[in-house]
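Participant: Just a sequence and a predicted model for now, questions to come.
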Amino acid sequence: MSRGERIHPLRLQADAQQVVYLDFELTKKQFQNRYQNVVFEPYEWSPLFLRAEIDPENIETEDLSFEEFLNYSLEKAVAESNTKILIIDNLTYLRNETEKAKDALPLMKHLKQMKNKYNLSILAPGTYA
């Protein structure tokens, strides 16, 4: 999406677009190691691909709960980057028990509000035990 290149056998239906990838699992080095070319060199990402991670040691939430801080941070990343594509990896990080519908509902409502407000496409996979 960030390169605007076709991935065979799929058709390309949009120009290159900015993508915000929120990585809640991997460090920068782990991410780099995961994505290498065939001779183990780091993959060259498009300048339109923006990767962010949370440093749990440096979060200052003041009067916000951790979940409120994450919601605020998600929205700030989207608004400041003016992206239309948001990828959240991994959704279960954002809530303690995302696999339970009642616990996932506030997050889903917030993501839906953001989707409508910013005209977003959101990919938010989760890992379940």
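Facilitator: Yep, it's here.
Participant: From now on I want contacts and neighbour counts done on CA atoms only, so please keep to that.
Facilitator: OK.
Participant: okay, Met108: pLDDT?
Facilitator: In this model, Met108 is scored at 80, pLDDT.
Participant: sorry, that was for Phe69
Facilitator: As summarised for this prediction, Phe69 has a pLDDT of 79.
Participant: Low-confidence stretches in the chain?
Facilitator: Residue ranges of the chain with pLDDT under 70: 55-62, 92-104, 126-129.
Participant: ranges for the helices of it?
Facilitator: Listed in chain order, the helices of the chain (DSSP state H) span 28-34, 66-81, 101-118.
Participant: what residues does the shortest one touch?
Facilitator: So that's helix 28-34. Outside helix 28-34, the residues that touch it by C-alpha atoms under 8 Å, 6 or more residues apart in numbering are Pro42, Tyr43.
Participant: Check the offset of that helix from the chain's centre.
Facilitator: Relative to the chain's own centre, helix 28-34 is displaced by 16 Å; criterion: C-alpha atoms, centre = their mean, to the nearest Å.
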